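Q: Just need the structure, nothing else, for what follows:
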Amino acid sequence: MDEMSQILLDTIRMLDELISDYSIPRNIRKNIQAAKSRLSQDKGNLDVRAATSISTLDEIVNDPNTPGHARTLIYTIMGKLEILQKKASSIH
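A: This next block holds a predicted model:
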């Protein structure tokens, strides 16, 4: 498995962790699910999918209803997505 695939799988696993955390409000978990769905699509360039997911997660981080522990994990996920986006864009 190449590095980009590993980063993608790790990121999806972390998003799943947030989605299954019931201490996070439902509307926020729904938006996290939307970011995961965009990232997991097979169509479209990976760098664009990563950028779209970063944008969605940025909105979630700025939501005052997002718990602190979720915000911390989302920042970690966003960092991984930025790495993934840079690696994917360098391939094109």
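
Q: Who are the packing partners of the helix of greatest length in the chain?
A: Longest helix in the chain by number of residues, with DSSP state H as the criterion: helix 68-91. The contact analysis (3 or more Cβ pairs under 8 Å, 6 or more residues apart in numbering; DSSP states H and E) places helix 68-91 against helix 3-19, helix 26-40, helix 46-61. (Each C-beta comes from the backbone N, C-alpha and C, glycine too.)

Q: Which one of these lies nearest to residue 77?
A: helix 3-19 (5.2 Å; Cβ to Cβ).

Q: Report the angle between the closest one and helix 46-61.
A: Relative orientation of helix 3-19 versus helix 46-61 (axes from the mean of the first three to the mean of the last three Cα atoms, to 10 degrees): 30 degrees.

Q: in helix 3-19, what counts as buried?
A: Neighbour-count burial for helix 3-19 flags 7-8, 11, 14-15, 18-19 (criterion: 16 or more other Cβ atoms under 10 Å).

Q: Return the member of these nearest to residue 62.
A: Of the buried residues of helix 3-19, the one sitting nearest to residue 62 (Cβ to Cβ) turns out to be residue 18, at 15.7 Å.

Q: Once you drop chain neighbours, what's closest to the closest one?
A: residue 32 (5.0 Å; Cβ to Cβ, 6 or more residues apart in numbering).

Q: thinking again about what came up before, show residues contacting the longest helix of the chain.
A: For helix 68-91, the surrounding residues in contact (Cβ atoms under 8 Å, 6 or more residues apart in numbering) are 3-4, 7-8, 10-11, 14-15, 17-18, 21, 23-24, 28, 32, 39, 45-47, 50-51, 53-54, 57-58, 60-61, 66.
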